[in-house]
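> Sequence and predicted structure are below.
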Amino acid sequence: MPRLSLPEPKIDIFADGFEKHKALLDRSAEGAQLSHLVSVVDDPVTIAVDGAWGAGKSHFLKCWVGEHLKTAEKTEMVYFDAFRHDYLDDPLVALSGALVDRFEDPTSKTAPAANAKFAKGLRKAAPKLGRLALRLGVSYVTAGIINRADDWVGADDDEAEEEAQETSKALTGTAGAAAQGAIDKFWQAEDGKRAAMAAFRDAICGWTEPDEKGHPTRRLVIVVDELDRCRPDYALNLLEIMKHFFDVAGVTFVLGTNMRAMQNHVVARYGAGVDAGLYLQKFVQVTMRLGEKENRFSNPSKVATYFEQVLVKMEINDGYSGVVKGYVRNLQYHSSLNLRGLQELARLCVLTPYPAETDEMRIPILIGGLMFLKAMRPEVLDRVLIGSAKWPEVQEALNLATDFVEHRGAKRSISEAWLLCFQDQKLPEFWQEHLRDDYLHITNSYS
């Protein structure tokens, strides 16, 4: 049976690099650029690898991790898929777990003794922070009033609630000396959290091991992928954690995200009045834009081959697969095709029923074209469906020929079928000459 999705490519993140996976999509030059950015700065920095949906950010980052490790000395890499963990409430728990897993991995050869010590330090420090990471960016005390009394107490029982309320009254000056014990307990808890944060950073600093001038002797690069796909609260809390907990020289974050989507997250959390771009500048110091769509494929002639491989891996060998192959071959040098769009086109081949019987081959050709537009140019499809599309935009979107008499194969049959749909924009003499005896039969069948 056909599959609805393409199997994930098998990438050994910490070993493969670009060479094994660049037959179609060669990002090695951009990988070298990112490696340079990571290597030249000692200060803690966050780099956003910005790209639209379907730009291949995840593929690029997974290959880049292994590529960078081949040449980077005294550098450890951690890959963290944020979207896979956003079902958790606390991003710090998930990120700490990814760090511990990597530093306890026997394949990591950076500094085995230091790695073991670092992992042990994280295991000891992270639990002491409790739910503090969830509250970053939202003050515990606003105008002297505790937002949620049970957050800092860590309990839900009536006694704890009453004690917290007494503390709140003390902070606003509405209670007397009876609340002093509660407020002392509150500040002790706050001191404990600050100590835990310091211990967390100390563990990281112990691994980067700065020299006498403060320059790190080892580097930690944490790749956070799929950040824009996370829930807004989770994504923004994770940014806060990166800023407050990992502010250590030699630590670099590389984010795989769409910055426009991240701005939408900021607006969703703080409202339309916030300057989302300015807010994100607090966390992201450098933005690297992946190449535009037209430069994605290392060799345009391989686009059709790639699509055929997608059909094979998704076990699609009938229906509209042959028709849409013709569209891909016709457009491989012309249109800015993208990987996700080609995968969506293959999925539509599974979902769209092929007519059991038809006397007119041009009908499946047109339906295949509509599928192509849905996957690649949905804005053109919308206008086609409501009857407002003009010939020039359809011609451009599908790379159609107007003088197709000299053409052969898919380009001729595709162009002929679509131009018949716009026959009112051609002189009748053109069709009479081209179609001859079939003129009335064919043109009357198109609306």
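Happy to help now that I have it.
> Domains in this structure, by residue range?
With domains defined by automatic domain parsing, the chain comprises 19-137+203-291, 301-443.
> could those domains go into a markdown table alongside mean pLDDT and mean neighbour count?
Using the backbone N, CA and C atoms, a C-beta is placed for each residue, glycine as well. Shown next, in a markdown table, are the domains of the chain (pLDDT from 0 to 100; neighbours: other Cβ atoms under 10 Å):
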| stretch | mean pLDDT | mean neighbour count |
| --- | --- | --- |
| domain 19-137+203-291 | 88 | 18 |
| domain 301-443 | 82 | 16 |
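> Residue 7: which of those domains is closest?
Nearest to residue 7, of all the domains of the chain, is domain 301-443, at 5.8 Å by Cβ to Cβ.
> What sits closest to residue 53 if chain neighbours are left out?
residue 258 (6.4 Å; Cβ to Cβ, 6 or more residues apart in numbering).
> What separation is there between that neighbour and residue 414?
When Cβ to Cβ, to the nearest Å is the yardstick, residue 258 and residue 414 sit 33 Å from each other.
> go on, residue 91?
Counting by Cβ to Cβ, the gap from residue 91 to residue 414 is 49 Å.
> again, but for residue 421
For residue 421, the distance to residue 414 - Cβ to Cβ - is 12 Å.
> repeat for residue 35
43 Å.
> what's the answer for residue 323, then?
9 Å.
> Ok, residue 305 next?
Separation of residue 305 from residue 414 (Cβ to Cβ) stands at 20 Å.
> same check, this time on residue 46
47 Å.
> ok, and what's touching stretch 27-42?
Contact partners of stretch 27-42, identified using Cβ atoms under 8 Å, 6 or more residues apart in numbering, comprise 18-19, 22, 47, 49, 56, 59-60, 63-64, 67-68, 71-72, 215-216, 219, 221, 249-250, 252, 254, 286, 288, 290-291.
> Tell me where this structure has strands.
Assigned by DSSP state E, the strands in the chain fall at 45-50, 75-81, 141-142, 145-146, 219-225, 251-257, 286-289.
> In this structure residue 286 contacts residue 48, no?
Yes: the criterion here is Cβ atoms under 8 Å, and residue 286 meets it with residue 48 at 7.2 Å.
> quick one, helices of the stretch 201-350 of the chain?
In the stretch 201-350 of the chain, the helices defined using DSSP state H, counting those that start in this stretch lie at 232-245, 259-270, 276-281, 303-313, 321-331, 339-351.
> The stretch 1-150 of the chain too?
28-39, 57-71, 91-103, 112-125, 149-153.
> Columns distance to residue 353 on top of the ones you listed, output as CSV?
Below are the helices of the stretch 1-150 of the chain laid out as CSV (distance: least, Cβ to Cβ, whole Å):
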stretch, distance to residue 353
helix 28-39, 41
helix 57-71, 32
helix 91-103, 42
helix 112-125, 54
helix 149-153, 54
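> Residue 391 is nearest to which of the ones you listed?
Per Cβ to Cβ, nearest to residue 391 of these: helix 57-71, 36.1 Å.
> Could you export stretch 60-73 as PDB, CA atoms only?
Output in PDB follows, covering the C-alpha atoms of stretch 60-73 (Å, rounded to 0.1, in the frame of the first residue of the first chain):
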ATOM      1  CA  PHE A  60      20.800  21.200   7.100                       C
ATOM      2  CA  LEU A  61      21.400  21.300  10.800                       C
ATOM      3  CA  LYS A  62      21.500  17.500  11.300                       C
ATOM      4  CA  CYS A  63      24.200  17.300   8.600                       C
ATOM      5  CA  TRP A  64      26.000  20.400   9.900                       C
ATOM      6  CA  VAL A  65      26.500  18.900  13.400                       C
ATOM      7  CA  GLY A  66      28.500  16.000  12.100                       C
ATOM      8  CA  GLU A  67      30.300  18.200   9.600                       C
ATOM      9  CA  HIS A  68      31.400  20.700  12.300                       C
ATOM     10  CA  LEU A  69      32.600  18.000  14.600                       C
ATOM     11  CA  LYS A  70      35.000  16.800  11.900                       C
ATOM     12  CA  THR A  71      37.100  19.900  12.100                       C
ATOM     13  CA  ALA A  72      36.200  21.600  15.300                       C
ATOM     14  CA  GLU A  73      38.700  20.900  18.100                       C
END
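> coming back round to it: rebuild the helices of the stretch 201-350 of the chain as TSV, extending it with distance to residue 195.
Shown next, in TSV, are the helices of the stretch 201-350 of the chain (distance: least, Cβ to Cβ, whole Å):
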stretch	distance to residue 195
helix 232-245	13
helix 259-270	29
helix 276-281	29
helix 303-313	53
helix 321-331	60
helix 339-351	47
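> Out of those, which is closest to residue 109?
helix 232-245 (25.9 Å).
> quick one: the closest one to helix 112-125, angle?
120 degrees (axes from the mean of the first three to the mean of the last three Cα atoms, to 10 degrees).
> 39 is where my numbering starts, stick with that
That works, and once the first residue is 39, the last one we named lands at helix 270-283.
> Who are the packing partners of helix 270-283?
Secondary-structure packing of helix 270-283 (3 or more Cβ pairs under 8 Å, 6 or more residues apart in numbering; DSSP states H and E): helix 129-141, helix 218-246, helix 297-308.
> Switch the ones you listed over to JSON lines; also include distance to residue 160.
Shown next, in JSON lines, are these (distance: least, Cβ to Cβ, whole Å):
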{"stretch": "helix 129-141", "distance to residue 160": "5"}
{"stretch": "helix 218-246", "distance to residue 160": "6"}
{"stretch": "helix 297-308", "distance to residue 160": "27"}
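> measure residue 113 to residue 106 for me?
Applying Cβ to Cβ to residue 113 and residue 106 gives a distance of 7 Å.
> Mutual contacts of these two, please.
With contacts taken as Cβ under 8 Å, 6+ apart, residue 113 and residue 106 have residue 259 as neighbours in common.
> Would you check that residue 358 makes contact with residue 402?
Yes: look at residue 358 against residue 402 with Cβ under 8 Å: they come within range, at 6.8 Å.
> what touches both of the two?
Joint contacts of residue 358 and residue 402 (Cβ under 8 Å, 6+ apart) are residue 392.
> just to revisit the earlier point, ok, which of the helices of the stretch 39-188 of the chain comes nearest residue 238?
Of all the helices of the stretch 39-188 of the chain, helix 150-163 sits nearest to residue 238, with 4.3 Å by Cβ to Cβ.
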